[in-house]
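Visitor: pasting a predicted model and its sequence here:
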Amino acid sequence: MTEPVRAAPETQAKSLAFRSQKEMFEKMEESFKVCVCCEKRPDQFSNPQSLKRCSRCLNVYYCCQECQKNDWPKHKKLCPKLRLAAIDRVVEWLVFKRDLPFPTEKWSKPQSEVKGWDDWLAMQGDLSTRLNPILTGTNMKDLWTNAGRPRPDDEDLKQSLWRVSSEFFSRPLTIAWGMRVFGLNPHSKPLTIHLVGAGQTETLGARLTDYDELNKMFPGHQGIEVVMVGPEVVDGPIMRPPLRAFGPRQRVFISAYKGLYHVFWEEVVEKEEAAKPDLVVGFNPGFDASQGLDEGWLPTLLLLRDYEIPSIFTALSETEMTYSLQILLELEMDMKGSGANPFASLKPEAVGLCANKLLVYCNSHYFCFQGLLETVEFEEQEEA
């Protein structure tokens, strides 16, 4: 699964390799130390301290004033967003400290009336009572004490808490968007959701309650199961067998399988050790840029097509969505819709090693497909 290049938080077991949180942030910062203009790294200088951060965004490095001057026409357009990305890179650790996401309210409107983040936020009321304790908490204080950069003001941090939370909530809300597209109603029957290409973003530090927003959205539902499948699934409490039959009502049951989806299908689903999916979801799979499509995503895509499984995938940008659509059309997929995701993450991400590229947003766009595109063949009329 293609993910934005960033220093991914480690599991608790791996975090013990760091002697302190300060050392952890220092190691993370080292991965960003490259001159964005000439692309030289610290080991290419006699004095590694030659690299200096942009004082505005604290996100990019330059080896000299000349490089900074030459890069400024490009960087000035991205500097404000890169500043937000640098703040979010620290604040997102609060997810693994269990401070985020903040608790949410039961939906006061039907799903059909919640068309985007503004509608969702309106149901939540004033977030200050939930965000202020995080702002003044010990974990927030410790993060910025050890982050090696000045602590932003409270308003900047409050906005960052929301952006980081939006990435978390974007996942269950995108699943619900897929349900809406395909007319799936968990009040009518239990639903099984397969989340394909799951990786560190979805499973590192994952909790059994991560998709409980679906409970708030569909109170009294018949039961929803989310099975995360991918070769990069991280061990944790969600690593348990999927359900063979329908799970408990009014609950979201999460399980995981480490491996490729078509292998999971052959070894688990076809042996009736897991329920067949009502919907398959893929968050930012990036198969448009995959060098090994035949070995990786192609078997899964063909399986989804041939079994006519309703599927919704997301992309990091409109460009990525467009390339993905071209691949699916070449596979003769029956496309059911595509466009901007109303519940895209609001947290900007840098992709690749160069920070001075346009930032992207997880689940920015979506595309849906089901089955094989029907083609109409016309018989040639015989000449009289």
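Guide: Alright, I've got the coordinates.
Visitor: which parts of stretch 186-199 are buried?
Guide: 186, 190, 191, 192, 193, 194, 195, 196, 197, 198, 199 (16 or more other CB atoms under 10 Å). (Each C-beta comes from the backbone N, C-alpha and C, glycine too.)
Visitor: closest to residue 320 out of the residues you listed?
Guide: Nearest to residue 320 among these is residue 197, at 13.8 Å by CB to CB.
Visitor: ok, the closest one touching residue 285?
Guide: Yes: using CB atoms under 8 Å, residue 197 is in contact with residue 285, at 4.5 Å.
Visitor: contacting residues for residue 308?
Guide: Residue 308 sits next to 370, 371, 372 when contact means CB atoms under 8 Å, 6 or more residues apart in numbering.
Visitor: how about residue 91?
Guide: By CB under 8 Å, 6+ apart, residue 91 lies in contact with 143, 157, 160, 161, 164.
Visitor: from residue 178, how far out is residue 287?
Guide: 18 Å (CB to CB, to the nearest Å).
Visitor: ditto for residue 218
Guide: The gap separating residue 218 from residue 178 is 14 Å, by CB to CB.
Visitor: got it, and residue 253?
Guide: Residue 253 is 18 Å from residue 178, by CB to CB.
Visitor: who has more neighbours, the two?
Guide: Counted by other CB atoms under 10 Å, residue 253 and residue 178 do not tie: residue 178 has more neighbours, with 23 against 20.
Visitor: just give me the least confident of the contacts of residue 91.
Guide: Within those, residue 143 has the lowest pLDDT, namely 94.
Visitor: ok, that residue - how many residues close by?
Guide: A count of nearby residues for residue 143, using other CB under 10 Å, gives 21.
Visitor: list the buried residues of whichever strand or helix holds residue 254.
Guide: According to DSSP states H and E, residue 254 maps onto strand 252-258. Residues 252, 253, 254, 255, 256, 257, 258 are the ones in strand 252-258 that count as buried (16+ other CB under 10 Å).
Visitor: can I get stretch 345-353 in CSV? Just the C-alpha atoms.
Guide: Taking C-alpha atoms only, stretch 345-353 is exported to CSV below (Å, rounded to 0.1, in the frame of the first residue of the first chain):
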residue,chain,number,x,y,z
SER,A,345,-8.6,13.9,5.6
LEU,A,346,-7.8,17.6,6.2
LYS,A,347,-4.2,16.8,7.3
PRO,A,348,-1.6,17.7,4.6
GLU,A,349,1.0,15.1,3.7
ALA,A,350,4.3,15.3,1.9
VAL,A,351,4.8,12.6,-0.7
GLY,A,352,8.3,11.3,-1.6
LEU,A,353,11.6,12.6,-0.5
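Visitor: which parts of the stretch 251-384 of the chain are strands?
Guide: Counting by DSSP state E, counting those that start in this stretch, the stretch 251-384 of the chain has strands at residues 252-258, 279-282, 311-315, 333-340, 365-372.
Visitor: one step back: highest neighbour count among the contacts of residue 91?
Guide: In those, the most neighbours by other CB under 10 Å go to residue 161, 25 neighbours.
Visitor: which non-adjacent residue is nearest that residue?
Guide: Excluding the flanking residues, the one nearest residue 161 by CB to CB, 6 or more residues apart in numbering is residue 131, at 5.4 Å.
Visitor: one more: residue 324?
Guide: With sequence-adjacent residues excluded and distances taken as CB to CB, 6+ apart, residue 324 is closest to residue 288, at 4.5 Å.
Visitor: which pLDDT value belongs to that neighbour?
Guide: Residue 288 is given a pLDDT of 72.
Visitor: ok, it - contacts?
Guide: The contact partners of residue 288, by CB under 8 Å, 6+ apart, come to 315, 320, 323, 324, 326, 327.
Visitor: of those, grab the buried ones for ChimeraX.
Guide: The ChimeraX command for the buried members of the contacts of residue 288 (criterion: 16+ other CB under 10 Å) is given here:
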select :315,320,324,327
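Visitor: what are the ranges of the helices in this structure?
Guide: For the chain, applying DSSP state H gives helices covering 12-15, 21-30, 65-91, 93-96, 117-124, 128-135, 138-146, 154-182, 200-203, 213-217, 261-264, 297-306, 318-330.
Visitor: need those in TSV (columns: distance to residue 111).
Guide: Listed next are the helices of the chain as TSV, based on distance: least, CB to CB, whole Å:
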stretch	distance to residue 111
helix 12-15	36
helix 21-30	38
helix 65-91	28
helix 93-96	25
helix 117-124	10
helix 128-135	23
helix 138-146	33
helix 154-182	6
helix 200-203	22
helix 213-217	6
helix 261-264	27
helix 297-306	24
helix 318-330	23
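Visitor: nearest to residue 362, out of those helices?
Guide: Of those, nearest to residue 362 by CB to CB is helix 154-182, at 5.5 Å.
Visitor: picking up where we left off before, quick one: closest of the helices of the chain to residue 341.
Guide: helix 154-182 (6.2 Å).
Visitor: mind listing what's buried in that closest one?
Guide: 157-179, 181-182.
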